[in-house]
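K.L.:
Quick one, fold the following:
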Amino acid sequence: MKLYIKNMVCNRCILVIENLVKDSGFHVIKTELGEVEIMEELNPEQIKLIESKLKPLGFNLIGNRKAQIIEKIKTSIIKLIHHSEEAPNINLSAYLTNLVNYDYNYISNIFSETEGKPIEKFYITQKIEKAKELLVYDELSLSQIADKLNYSSVAYLSSQFKKMTGLTPSHFKKIKEKKRNSLDYL
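P.N.:
Numbers count the residues shown, from 1 in each chain. Alright, predicted model coming up:
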């Protein structure tokens, strides 16, 4: 049986969920962002037990098929941008269609209806969040960050960055450096 779980965004979440399910007496087959597969078929009481343990940790079970699709889309994009070493050089619509086995127009419509923004905007938001993270780490140049996130140019990354944050990447980096330096004096 697969349980679909909302708000899993990192490897630590996978570990927490896996341990929670095991500690509840169930056998985990596989855990990944957004879902855990267990050997047992759960009855409604067992599902409520797991749900009651998830909620205090900020997770929720997803029972609705549309919500499961949306969560799979979100976790797949997060995994692609934040947990992959390779540049996300893909056709997003083909990637997601293949992943969830539904027509892209269908998944795009339900995503927009539920989330209030198109899939592409969520994807761009995640890329900009990753760019912000990489800027703060200060290990890569802006050109290297653009390459890593598969932007066609630094100018295009800068344009999207400014559109999403209101700041240029260099201004963002200066602000973060000032905050970090001021914390060093505390």
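K.L.:
Can you pull the domain assignment for the chain?
P.N.:
1-63, 122-184 (automatic domain parsing).
K.L.:
Endpoints of the first one, how far apart?
P.N.:
Looking at domain 1-63, the gap from its leading to its trailing residue is 12 Å under the measure Cα to Cα, to the nearest Å.
K.L.:
Give the rounded mean pLDDT of that domain.
P.N.:
In this model, domain 1-63 carries a mean pLDDT of 93.
K.L.:
now the last one
P.N.:
Computed over domain 122-184, the mean pLDDT rounds to 89.
K.L.:
where's the residue nearest the centre of the chain, which helix or strand?
P.N.:
Geometric centre of the chain, nearest residue: residue 78, 2.7 Å, by Cα atoms, centre = their mean. In this assignment (DSSP states H and E), residue 78 forms part of helix 65-82.
K.L.:
That helix packs against which elements?
P.N.:
Contacts defined by 3 or more Cβ pairs under 8 Å, 6 or more residues apart in numbering; DSSP states H and E place helix 65-82 against strand 2-6, helix 92-100, helix 104-115, helix 119-137. C-beta here means a position set from N, CA and C on the backbone, and glycine is covered the same way.
K.L.:
so which of the domains of the chain gets nearest residue 74?
P.N.:
domain 122-184 (6.7 Å; Cβ to Cβ).
K.L.:
and stretch 37-54, C-alpha only, in CSV?
P.N.:
Extracted in CSV, the C-alpha atoms of stretch 37-54 (Å, rounded to 0.1, in the frame of the first residue of the first chain):
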residue,chain,number,x,y,z
GLU,A,37,5.1,2.3,0.3
ILE,A,38,4.4,-0.3,3.0
MET,A,39,3.8,-4.1,2.9
GLU,A,40,0.6,-4.0,4.9
GLU,A,41,-2.9,-2.9,3.7
LEU,A,42,-4.1,-0.4,6.4
ASN,A,43,-7.6,-0.2,7.8
PRO,A,44,-9.1,3.2,8.6
GLU,A,45,-8.0,3.1,12.2
GLN,A,46,-4.4,2.4,11.3
ILE,A,47,-4.5,5.3,8.7
LYS,A,48,-5.8,7.6,11.4
LEU,A,49,-3.0,6.5,13.8
ILE,A,50,-0.3,7.3,11.2
GLU,A,51,-2.1,10.6,10.4
SER,A,52,-2.2,11.6,14.0
LYS,A,53,1.6,11.0,14.3
LEU,A,54,2.3,13.0,11.0
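K.L.:
List of residues touching that stretch?
P.N.:
Residues outside stretch 37-54 that contact it (Cβ atoms under 8 Å, 6 or more residues apart in numbering): 1-3, 5, 17, 20-21, 24, 26-31, 60-61.
K.L.:
Narrow those residues to those that are buried.
P.N.:
Buried members of these, counted by 16 or more other Cβ atoms under 10 Å: 3, 5, 17, 20-21, 26, 31.
K.L.:
tell me the secondary structure for residue 25?
P.N.:
Using DSSP: H, G, I helix; E, B strand; the rest coil, the three-state assignment for residue 25 comes out as coil.
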